[in-house]
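Novice: I need the structure of the sequence given here:
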Amino acid sequence: MSILSVQSHVAYGYVGNRAAVFPLQRLGFDVWAVNTVQFSNHTGYGSWTGEIFTPEHISSVLSGIFERAPLESCEAVLSGYLGAAKLGETILSTVDRVREARPTALYTCDPVMGDVGRGIFVQPEIPDFMKQRAVPAADIITPNQFELELLTGETPSDLEHAIAAAQKARALGPEVVVVTSLQTSETPDDSIEMLAVSGEGAWRVRTPMLPLEIPPNGAGDAVTALFLAHYLKTHSAPDSLAAMAAAVFEIISATLEAGTRELQLIASQDRFVKPDKRFTPDKVG
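Specialist: Now for the predicted structure:
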């Protein structure tokens, strides 16, 4: 079971591939990790060193993989933050190539564009690329609340409108839409929600909002990887949502206990594989 993950990389901390690859491996998947950047640390610290790789560099690495790896063994392609639309086109071409070898392979796209409070933090062409090219090609997308609004023009102010917005995003192409970091007028102040919408219905899971002084970067990358891993095993949106929510709660709990702003993936590895606490999604649509 192999997954091709094309994302950023940091030497210190856990974002991009550093947040996605280890959870996928710990859950039993072989990961072909292609790094789009190599930075000392994530940019949330305000300063960093390292290099952004060109689309030509990424294409060269991918070509080398394809010369050796059996593409029919690749169950999914995973992508996250894009530095430029040209890199996105490289990823979509790769998805096409993988699907030629394995038609059932899934493309999971985390349409990273911005967040509530921060606004858009990607290059100006990225939102249009996501809506017009990446999302229609994807089987699964994992936008946060802000990104869902960007994709659909709908404001998910309450659960009903959040479901409608997710269905509108599904109409763009993907089978499954997972909305992360969802807080509507109906969400308790001490909680955070996630919503999964597929052709079979809609499910909401609610978990406690843990009191982190600084929300850790990379949580969304881990969420997407964990949902994909469980979906590949179950092919069930609600089951994958439940398993992912429990795993993420364990990771964030370990991060809070450590008093750090970096995700504690290593410390929580046994916990996120076999979580003690379970969260049952509610059927809401």
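Novice: The residue lying closest to G173 once chain neighbours are set aside sits in which helix or strand?
Specialist: Of all residues not flanking G173 in the chain, P136 sits nearest, at 3.6 Å (Cβ to Cβ, 6 or more residues apart in numbering). Any C-beta I mention is one placed from the backbone N, CA and C, and that applies to glycine too. Using DSSP states H and E, the element containing P136 is helix 135-137.
Novice: can you pull the buried residues of that helix?
Specialist: Going by neighbour count (16 or more other Cβ atoms under 10 Å), the buried part of helix 135-137 is 135, 137.
Novice: so what's M1 closest to, chain neighbours aside?
Specialist: Distances taken as Cβ to Cβ, 6+ apart put F29 closest to M1, at 5.1 Å, once the chain neighbours are dropped.
Novice: ok, now which ones touch that neighbour?
Specialist: 1-3, 75, 229, 232 (Cβ atoms under 8 Å, 6 or more residues apart in numbering).
Novice: can you do 10 Å?
Specialist: Neighbouring residues of F29 by Cβ atoms under 10 Å, 6 or more residues apart in numbering: 1-3, 5, 21, 23, 75-76, 225, 228-229, 232-233.
Novice: Before we move on, what's the pLDDT of it?
Specialist: Per-residue pLDDT puts F29 at 98.
Novice: Could you do D158 as well?
Specialist: For D158, the predicted pLDDT is 94.
Novice: Need the distance between the two termini of stretch 128-144.
Specialist: 17 Å (Cα to Cα, to the nearest Å).
Novice: again, but for stretch 73-83
Specialist: 28 Å.
Novice: List the buried residues of it.
Specialist: In stretch 73-83, counting by 16+ other Cβ under 10 Å, buried: 74-83.
Novice: what's the farthest-apart pair in those residues?
Specialist: E75 and G83 (25.9 Å; Cβ to Cβ).
Novice: Now name the helix or strand holding S5.
Specialist: Here S5 is assigned to strand 2-10, by DSSP H and E.
Novice: picking that back up, now render the contacts of F29 as JSON lines, adding pLDDT and distance to T187.
Specialist: Formatted as JSON lines, these follow (pLDDT from 0 to 100; distance: Cβ to Cβ, whole Å):
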{"residue": "M1", "pLDDT": "85", "distance to T187": "35"}
{"residue": "S2", "pLDDT": "97", "distance to T187": "37"}
{"residue": "I3", "pLDDT": "98", "distance to T187": "32"}
{"residue": "S5", "pLDDT": "98", "distance to T187": "31"}
{"residue": "V21", "pLDDT": "98", "distance to T187": "31"}
{"residue": "P23", "pLDDT": "98", "distance to T187": "26"}
{"residue": "E75", "pLDDT": "98", "distance to T187": "34"}
{"residue": "A76", "pLDDT": "98", "distance to T187": "30"}
{"residue": "A225", "pLDDT": "98", "distance to T187": "24"}
{"residue": "L228", "pLDDT": "98", "distance to T187": "25"}
{"residue": "A229", "pLDDT": "98", "distance to T187": "26"}
{"residue": "L232", "pLDDT": "98", "distance to T187": "29"}
{"residue": "K233", "pLDDT": "97", "distance to T187": "29"}
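Novice: Nice, that's everything, thank you.
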